[in-house]
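Undergrad: Pasting the sequence and the predicted model now:
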Amino acid sequence: MVGWNCDAPAAMCAAHHVVDWAKGGPTDLDNLALVCDHHHAMVNDSEYGWTTVMMGSDSPHRGRVGWIAPAVIDPTRTPRVNEKHHAGERVATSIAARCHQWGPQAA
Ligand SMILES: [Zn+2]
């Protein structure tokens, strides 16, 4: 898993603590994600920082990292998972977005 909408290969990533190590986040697989340096630097507690969460059992993306944009970008602060390495999801999301964009078919 790499940053939201990032296609950096795993070999160009570092381990990211989803719950920050400085805040007591363990260095366990359940709390780690591969993130490129660029996206890693975007995760911080500032007004413009991104937040990461581990998607829970109530999500279809359980165990994957959710990326939450700062409120200035996404006021809903909805976690989004990276689909770049999951081709089937990417196609489904693209089709759903286009269907929404086109709206209901006129008779
Ligand atoms: Zn990245």
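TA: Sure thing, it's come through.

Undergrad: His38 sits in which helix or strand?
TA: Assigned by DSSP states H and E, His38 belongs to helix 37-42.

Undergrad: Return the residues in contact with the nearest residue to Asn44 once chain neighbours are set aside.
TA: Spatially, and ignoring its direct neighbours in sequence, Asn44 is nearest to Trp50 (7.6 Å; Cβ to Cβ, 6 or more residues apart in numbering). (Each C-beta comes from the backbone N, C-alpha and C, glycine too.) Listed by Cβ atoms under 8 Å, 6 or more residues apart in numbering, the contact set of Trp50 reads 4, 39, 42-44, 67-70.

Undergrad: same question, His17
TA: Listed by Cβ under 8 Å, 6+ apart, the contact set of His17 reads 25-27, 31-32.

Undergrad: Which of those residues sits closest to the ion?
TA: Nearest to the ion out of the contacts of His17 is Leu32 (Cβ to the ion; 15.5 Å).

Undergrad: Quick check: closest non-adjacent residue to that closest one.
TA: Ranked by Cβ to Cβ, 6+ apart and with sequence neighbours excluded, the top spatial neighbour of Leu32 is Ala15, at 4.8 Å.

Undergrad: now Ala71
TA: Residue nearest to Ala71 in three dimensions, not counting chain neighbours: Arg77, with 6.1 Å by Cβ to Cβ, 6+ apart.

Undergrad: what pLDDT does the one you found get?
TA: We have a pLDDT of 95 for Arg77.

Undergrad: which SS class is it?
TA: Three-state assignment for Arg77 (DSSP: H, G, I helix; E, B strand; the rest coil): coil.

Undergrad: Pull the contacting residues for it.
TA: With Cβ under 8 Å, 6+ apart, Arg77 has these contacts: 51, 68-69, 71.

Undergrad: Out of the contacts of His17, give me the one that has the most neighbours.
TA: In terms of neighbour count, Leu32 stands highest of the contacts of His17 at 20 neighbours, by other Cβ atoms under 10 Å.

Undergrad: Please state the backbone phi and psi of it?
TA: When read as degrees, to the nearest 10, the backbone of Leu32 gives phi -120, psi 150.
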